[in-house]
Every structure is written in structure tokens, then in C-alpha cells.
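Peer 1: sequence first, then the predicted structure:
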Amino acid sequence: MPRPTPAQAAYGTLTVVFSTLAMLLLSQTTSGIGVAVIAVAALGLGLLVAMTVPRPRSQPEPGSAASSPAARVAPAARTATERVPVQRAAAPVLADSVREPAGP
């Protein structure tokens, strides 16, 4: 498992502290079991927050193909001809869009 970044550790820690305080104040519990349940819930929530913080993207190696300027260029926009299915491109438009009555 990769090590968490400092941002992930900070978000997780702050989540644990603030969620523990909020749950203790809102529940007004005084029993040891209640405090333990709240602490475990806060730790779980902090772990969830820390693991869902987006990780920074790793930089490609300088010599790899992904680091070349051509690889960083956005892909070309699709043209209208790419979106037309091959079977329908050869058929006349009138026959597909208007139904004519059968012959006499």
C-alpha cells in the first residue's frame, strides 16, 4: 500500500479531531462505551477521508514516450465522418427519412 501524502494525513487528522468533538458535543454522552464508540467512528471516518483525497499524478520518466511534447497534445476532435456508421453512409437520405407509399 502506498504511503499517504502529507495532505492526506492532514485531512484525515483534522477529520478525526473535528468529527470526534462534534459527535461528543451533539450526543452529550458521558459513558466510557459511548466515548469509545464515537472515537472508533471518528477514526474510521478520518481513514475514509484520508484515503479518498486525490493523490497527485506521478510524473513520467524524462526519457519515456509519454513525456514527449507530442504525447501531451490533446487528441484531435472527431470529425463528422467518424460519427456516421458505414452502413448508413451509402444509403440515400430520402429513403431513410421519408417513407413513400408503395407503388401502384
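Peer 2: Sure thing, it's come through.
Peer 1: can you pull the buried residues of the host helix or strand of Val16?
Peer 2: Using DSSP states H and E, Val16 maps to helix 6-27. Neighbour counts over helix 6-27 (16 or more other C-beta atoms under 10 Å) mark Gln8, Tyr11, Gly12, Thr15, Val16, Ser19, Thr20, Met23, Leu24 as buried. C-beta: built from backbone N, CA, C; applies to glycine.
Peer 1: format those as TSV; extra columns: distance to Gly34 and pLDDT.
Peer 2: Output for those, formatted as TSV (distance: C-beta to C-beta, whole Å; pLDDT from 0 to 100):
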residue	distance to Gly34	pLDDT
Gln8	29	86
Tyr11	26	87
Gly12	23	88
Thr15	20	89
Val16	17	91
Ser19	15	93
Thr20	12	92
Met23	10	92
Leu24	9	92
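Peer 1: and which of the residues you listed is nearest Pro54?
Peer 2: Nearest to Pro54 among the buried residues of helix 6-27, counting by C-beta to C-beta, is Gln8 at 9.2 Å.
Peer 1: pick the one among the buried residues of helix 6-27 closest to Val49.
Peer 2: Thr15 (4.3 Å).
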